[in-house]
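# need the 3D shape of this:
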Amino acid sequence: GVQPVTLRLNITEFHAMTPRARSSQLQLGVHEIMFDIEVMDTNGAVVASETGVRADLQAFSGAAAVQAERLGQGQKIRIQSRVAQVARSWLVNASI
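Numbering: from 1, shown residues only. Modelled structure (predicted):
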C-alpha cells in the first residue's frame with residue numbers, strides 16, 4: 001500500500017555450510033534460517049508480526065557450489081535473496 005512502514009527482522013536460527021561441507025560432493029546440506037518479523041507504522045506501533053518464519057534453503061556443495069560462486073550466487077547472496085523472498089511473500093499474505 002501507500003502507508004510507510006518499517007520492517008524488523010530478527011534472525012533466531014541460522015546455519016550455513018562450513019567450508020569442509022561445501023567441498024563435499026554430497027548434495028545433502030540445507031541452510032537453516034528462521035526469523036521473527038514485525039511491521040511497524042510511522043509511530044512505531046506494530047501492525048503485524050509473526051514469530052518463527054522459516055526460510056530454509058537447499059545448500060550447494062562440490063561442483064554446484066563452485067559454479068554458483070562463478071555466477072555470483074554464493075552462499076551470502078543466495079541466503080539474503082531467500083530471506084527477502086520469504087519476507088515479501090509473508091507481507092503479501094499478511095493481514096495488514
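
# so which bits of the one helix or strand Val92 maps to are buried?
Per DSSP states H and E, Val92 falls inside helix 75-93. Residues Gln75, Arg78, Ile79, Arg82, Val83, Val86, Ala87, Trp90 are the ones in helix 75-93 that count as buried (16 or more other Cβ atoms under 10 Å). Where you see a C-beta, it was placed from the backbone N, CA and C, and this is true even at glycine.

# please convert the residues you listed to CSV, extending it with pLDDT and distance to Met40.
Below are the buried residues of helix 75-93 laid out as CSV (pLDDT from 0 to 100; distance: Cβ to Cβ, whole Å):
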residue, pLDDT, distance to Met40
Gln75, 91, 30
Arg78, 94, 28
Ile79, 95, 24
Arg82, 97, 23
Val83, 97, 18
Val86, 97, 19
Ala87, 96, 14
Trp90, 95, 15
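
# nearest to Glu50, out of these: which one, please.
Trp90 (6.7 Å; Cβ to Cβ).

# okay, now Phe35: neighbour count?
21 (other Cβ atoms under 10 Å).

# wait, a helix at Val2?
No - using DSSP: H, G, I helix; E, B strand; the rest coil, the assignment for Val2 is coil, not a helix.
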